[in-house]
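Colleague: 3D, please:
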Amino acid sequence: MKKGIIGRKLGMTQIFADNGKVIPVTVINAGPCTVVQKKTAEKDGYCAVQLGYAELPERKANKAIKGHFEAHQVSFKKYLKEFRLEDTSSLNEGDTLTADTFAVGEKVDVTGITKGHGFSGVIKRWNAHRLRMTHGTGPVHRQVGSMGANSDPSRVFKNKKMAGQYGHEQVTILNLEIVKIDAENNLIAVKGAIPGPKGGIVYLRDTVK
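Modeller: Presented below is the predicted three-dimensional model:
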């Protein structure tokens, strides 16, 4: 990884290319992020920087958080994320990263938390087929149906698609192209959709593929 930044998903819109083609984009408020902590191979065994995003009022910081930020002489931040960078020599604690860290045309990987749907049935969660409405089926027609064989293997196989928690999990979308950057307002427009609701926190990094 060569560079990364923390941002907030603002929503989707569309941009018209020079040839008139419509490009669907997701707008991300990327940064400004502060380098809270710097880790080196000599001291920590690997190179990384811990970035902080969004100001946190002092009254909302507990003693552990206050101690961490005061030790590095950085203002309190609400979100922290460590990025393992190949080279951290150009970054120091207290430095600020903005949207112009990236450039138009670059490919990035975006990580976020998907929308949560709560406890959901198999039809909503796995697109299962509804049971038929006749011949003694029921009274529930949206249930999972058969659990498998009888005396052999006498159990339900692992990973069977059943009802349960749907969404609210970390997902990474690879190879998204940066279409436009507004450095003045710290906005990055990436082609396509990214995980999470509007206002959700996302992490951008240069693509691994």
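Colleague: Quick one: the strands in this protein, in order.
Modeller: Applying DSSP state E to the chain gives strands spanning 4-16, 22-30, 33-39, 48-55, 77-83, 96-97, 107-113, 116-120, 164-167, 170-182, 187-191, 201-206.
Colleague: now for those strands, which one comes closest to residue 153?
Modeller: strand 164-167 (21.7 Å; Cβ to Cβ). C-beta here means a position set from N, CA and C on the backbone, and glycine is covered the same way.
Colleague: What strands flank that closest one, and is each parallel or antiparallel?
Modeller: Counting by DSSP bridges, the strands paired with strand 164-167 are strand 116-120 (antiparallel).
Colleague: circling back to that earlier point, how about JSON lines for the strands of the chain, with mean pLDDT, mean neighbour count and distance to residue 140 added?
Modeller: Below are those laid out as JSON lines (pLDDT from 0 to 100; neighbours: other Cβ atoms under 10 Å; distance: least, Cβ to Cβ, whole Å):
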{"stretch": "strand 4-16", "mean pLDDT": "95", "mean neighbour count": "17", "distance to residue 140": "37"}
{"stretch": "strand 22-30", "mean pLDDT": "95", "mean neighbour count": "20", "distance to residue 140": "39"}
{"stretch": "strand 33-39", "mean pLDDT": "92", "mean neighbour count": "21", "distance to residue 140": "50"}
{"stretch": "strand 48-55", "mean pLDDT": "93", "mean neighbour count": "20", "distance to residue 140": "45"}
{"stretch": "strand 77-83", "mean pLDDT": "94", "mean neighbour count": "18", "distance to residue 140": "43"}
{"stretch": "strand 96-97", "mean pLDDT": "92", "mean neighbour count": "16", "distance to residue 140": "53"}
{"stretch": "strand 107-113", "mean pLDDT": "95", "mean neighbour count": "20", "distance to residue 140": "32"}
{"stretch": "strand 116-120", "mean pLDDT": "96", "mean neighbour count": "12", "distance to residue 140": "15"}
{"stretch": "strand 164-167", "mean pLDDT": "96", "mean neighbour count": "14", "distance to residue 140": "17"}
{"stretch": "strand 170-182", "mean pLDDT": "95", "mean neighbour count": "16", "distance to residue 140": "31"}
{"stretch": "strand 187-191", "mean pLDDT": "96", "mean neighbour count": "22", "distance to residue 140": "43"}
{"stretch": "strand 201-206", "mean pLDDT": "95", "mean neighbour count": "21", "distance to residue 140": "38"}
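Colleague: Can I get these in a markdown table including distance to residue 138?
Modeller: Shown next, in a markdown table, are those (distance: least, Cβ to Cβ, whole Å):
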| stretch | distance to residue 138 |
| --- | --- |
| strand 4-16 | 41 |
| strand 22-30 | 42 |
| strand 33-39 | 55 |
| strand 48-55 | 51 |
| strand 77-83 | 48 |
| strand 96-97 | 58 |
| strand 107-113 | 37 |
| strand 116-120 | 21 |
| strand 164-167 | 23 |
| strand 170-182 | 36 |
| strand 187-191 | 47 |
| strand 201-206 | 44 |
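Colleague: out of the ones you listed, nearest to residue 67?
Modeller: strand 33-39 (12.5 Å).
Colleague: Much appreciated, bye for now.
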